[in-house]
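In: got a structure for you, letters missing:
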Ligand SMILES: NC(=O)c1ccc[n+]([C@@H]2O[C@H](COP(=O)([O-])OP(=O)(O)OC[C@H]3O[C@@H](n4cnc5c(N)ncnc54)[C@H](O)[C@@H]3O)[C@@H](O)[C@H]2O)c1
Ligand SMILES: C[N+](C)(C)CC=O
């Protein structure tokens, strides 16, 4: 098995400690790769390489269209190597190959989008109120960016950070989740093939508390962008204060899905299933809180339960599989614990709530799709992010009540409303305190639209033109066209 290595200052390197981690397939726990397990020392070397490359200046000063051309090459290579990348992603995460292929399409689009944006902002002239002066606003790269990513969408979340940061002229150090590094390593091979100058893009592998913490603490890092859990996000925010580095945090969610009685029944049931059970619920924006109008509750639940019985868990490489396993034994323990909590709190278990008995699934970290009714907003199972295939169902009898329940959360990542009354949909959407609201749909995201959370779901936005702006500093340049003494101090 070839060792997956780090990419630091234009060279592939093992961990200074020589430590290695075995990467497993969560479907069957088979070893799929060995990866260098970096630590703080490796992260320091990567930060130093990025610092030198930035301070030396040639990357930031490379014409923006040329930076864009290199980023575009990565998009092209991802399309060329799509199948290999998709297979690696499915081996690493257990997600279905179909999902991984769709992720690779999205990822290539993200690189292409930011490649195209690289040279579109030429700055802005300001109407200066001071006679004989010129005032302009320009955007410049922030500097060295630390980028820390999670395991659920390993390459997608990395792409949302790598592509805009490089297009804007920053230098980067990426640290993927230690349990799912394979596609990020592969993309660094593509970055090398594209011909980025040495030190501009660096990859460090290893645990969050070591390599990741170094990225958030180092005074040589100017910006840290993190996608992951809320508790880690708090640590990163605190560590970032050491040198007031800029922060971008994409955190968790406990996302409401409001279904009015006048919604198209078939669409709403189908989408509610997909909202919560897609990728075994391991999606930040999973529709884990179904908030349904009382009058259709019983019929809706009956249909959901019927369809949930038919979800086929299995190997992501098998075309008949609907959903793969959870990522790890530890994560499945967490999901199980929440199911226990839900039952203790008085929620009614309608289906699931345990591991499958199918002998073929015993080596994987599988958990049955689970539905709870009789839920209330004050329950932990409703408030806390389970990040697994667990749906809670609450009811409402007025649109005001639906909004109040939906907003009763520390999170504000995403939510949806299903109704055939467009005025009601728009009014409800306007009252939801979330970064993304879908009307009669769930889950769409794309390179052109910003993504991020209100409240404790995060700080900042990725994607869209704002996703590029996050990687820039704004500078006002004022020029006196007729300089002369002002004689304030005589
Ligand atoms: N908002 C979004 O767009 C979005 C997208 C995907 C996932 N998520 C969230 O991610 C979470 C699941 O991912 P996870 O379990 O990998 O999250 P996590 O917070 O455990 O880990 C995320 C990354 O942070 C690193 N890390 C851990 N401790 C660290 C520390 N002290 N300092 C620096 N880095 C550290 C990890 O090694 C990993 O690379 C969920 O909460 C999910 O909602 C959010
Ligand atoms: C942001 N998204 C939806 C792609 C992945 C969240 O986990």
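Out: Perfect, I can see it now. Note that the structure is a prediction, hence the values are computed from the model and not measured. Ligands and ions are numbered 1, 2, ... in the order given.
In: chain center to stretch 38-56, what's the gap?
Out: Here stretch 38-56 is found 24 Å from its chain centre; the criterion is C-alpha atoms, centre = their mean, to the nearest Å.
In: cool, stretch 368-385 as well?
Out: That offset, for stretch 368-385, works out to 23 Å (C-alpha atoms, centre = their mean).
In: In the stretch 1-150 of the chain, which residue sits closest to ligand 1?
Out: Residue nearest to ligand 1 within the stretch 1-150 of the chain (C-beta to the nearest ligand atom): residue 150, separated by 3.2 Å. C-beta coordinates here come from the backbone N, C-alpha and C atoms, glycine included.
In: For ligand 1, see how far away the nearest residue in space to that residue that is not next to it in sequence is.
Out: Nearest residue to residue 150 in three dimensions, chain neighbours excluded: residue 228, at 4.5 Å (C-beta to C-beta, 6 or more residues apart in numbering). As for residue 228, its distance to ligand 1 is 3 Å (criterion: C-beta to the nearest ligand atom, to the nearest Å).
In: Can you pull up the residues of the stretch 101-250 of the chain that come close to ligand 2?
Out: Neighbours of ligand 2 within the stretch 101-250 of the chain, by C-beta under 6 Å from any ligand atom: 152-153, 156.
In: now those in CSV, with secondary structure, distance to residue 320 and pLDDT?
Out: Shown next, in CSV, are those (DSSP: H, G, I helix; E, B strand; the rest coil; distance: C-beta to C-beta, whole Å; pLDDT from 0 to 100):
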residue, secondary structure, distance to residue 320, pLDDT
152, coil, 23, 98
153, coil, 23, 98
156, helix, 24, 98
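In: Run the contact check for stretch 212-222 versus ligand 1.
Out: Yes. Judged by C-beta under 6 Å from any ligand atom, stretch 212-222 comes into contact with ligand 1 at 212-213, 216.
In: Can you tell me what sits against stretch 115-135?
Out: With contact meaning C-beta atoms under 8 Å, 6 or more residues apart in numbering, stretch 115-135 is reached by 63-65, 67-69, 71-72, 75, 136-139, 163-164, 167-168, 465, 468, 476-482.
In: just the buried members of these?
Out: Neighbour-count burial (16 or more other C-beta atoms under 10 Å) is assigned, among the contacts of stretch 115-135, to 64, 67-69, 71-72, 75, 139, 163-164, 167-168, 468.
In: of all these, which comes closest to residue 409?
Out: Using C-beta to C-beta, residue 164 comes nearest to residue 409 of those, at 28.5 Å.
In: element containing that closest one?
Out: Element membership of residue 164 [criterion: DSSP states H and E] is helix 154-167.
In: Enumerate the residues of the chain near ligand 1.
Out: Contacts of the chain with ligand 1, taken as C-beta under 6 Å from any ligand atom, map to 148-153, 157, 175, 177-178, 207-209, 212-213, 216, 227-229, 232, 235-236, 250-253, 284, 385, 387, 413, 453, 458.
In: any idea which helix or strand comes after the longest helix belonging to the chain?
Out: If you go by DSSP state H, the chain has its longest helix at helix 97-117. Sequence-wise, the next helix or strand downstream of helix 97-117 (DSSP H and E) is strand 124-126.
In: Tell me the strands beside that next one, with direction?
Out: Using DSSP bridges, the strands paired with strand 124-126 are strand 133-141 (antiparallel).
In: what's the following helix or strand after the partner strand?
Out: Heading C-terminal from strand 133-141, the first helix or strand you meet, by DSSP H and E, is strand 144-148.
In: From the structure, what's the count of residues near residue 24?
Out: Applying other C-beta atoms under 10 Å, we find 18 residues neighbouring residue 24.
In: in stretch 114-126, what's buried?
Out: Judged by neighbour count using 16+ other C-beta under 10 Å, the buried positions of stretch 114-126 are 114-118.
In: pLDDT of the strand or helix carrying residue 225, averaged?
Out: Using DSSP H and E, residue 225 maps to strand 223-227. Averaging pLDDT along strand 223-227 yields 98.
In: which of the residues of stretch 212-222 next to ligand 1 has the most neighbours?
Out: residue 212 (28 neighbours).
In: Might one say that that residue is in contact with residue 147?
Out: No. Here residue 212 does not reach residue 147: they are 10.2 Å apart, not a contact under C-beta atoms under 8 Å.
In: For ligand 2, what is the nearest residue in the stretch 301-450 of the chain?
Out: Nearest residue of the stretch 301-450 of the chain to ligand 2 (C-beta to the nearest ligand atom) works out as residue 445 at 5.5 Å.
In: Then the stretch 251-400 of the chain?
Out: Ligand 2 sits closest to residue 284 of the stretch 251-400 of the chain, with a gap of 3.3 Å, by C-beta to the nearest ligand atom.
In: List phi and psi for residue 55.
Out: Main-chain torsions, residue 55, degrees, to the nearest 10: phi -70, psi -30.
In: now it: how far from residue 403?
Out: Shown here: residue 55 relative to residue 403, a distance of 50 Å by C-beta to C-beta, to the nearest Å.
In: who has more neighbours, the two?
Out: A direct count of neighbours by other C-beta under 10 Å for residue 55 and residue 403 places residue 403 higher, at 23 against 12.
In: who touches that one in this structure?
Out: By C-beta under 8 Å, 6+ apart, the residues touching residue 403 are 258, 428, 431-432.
In: The residue of the stretch 1-150 of the chain closest to ligand 1 is in what secondary structure piece?
Out: In this structure, residue 150 sits in neither a helix nor a strand according to DSSP H and E.
In: and the gap between it and residue 210?
Out: To residue 210, residue 150 is 17 Å away according to C-beta to C-beta.
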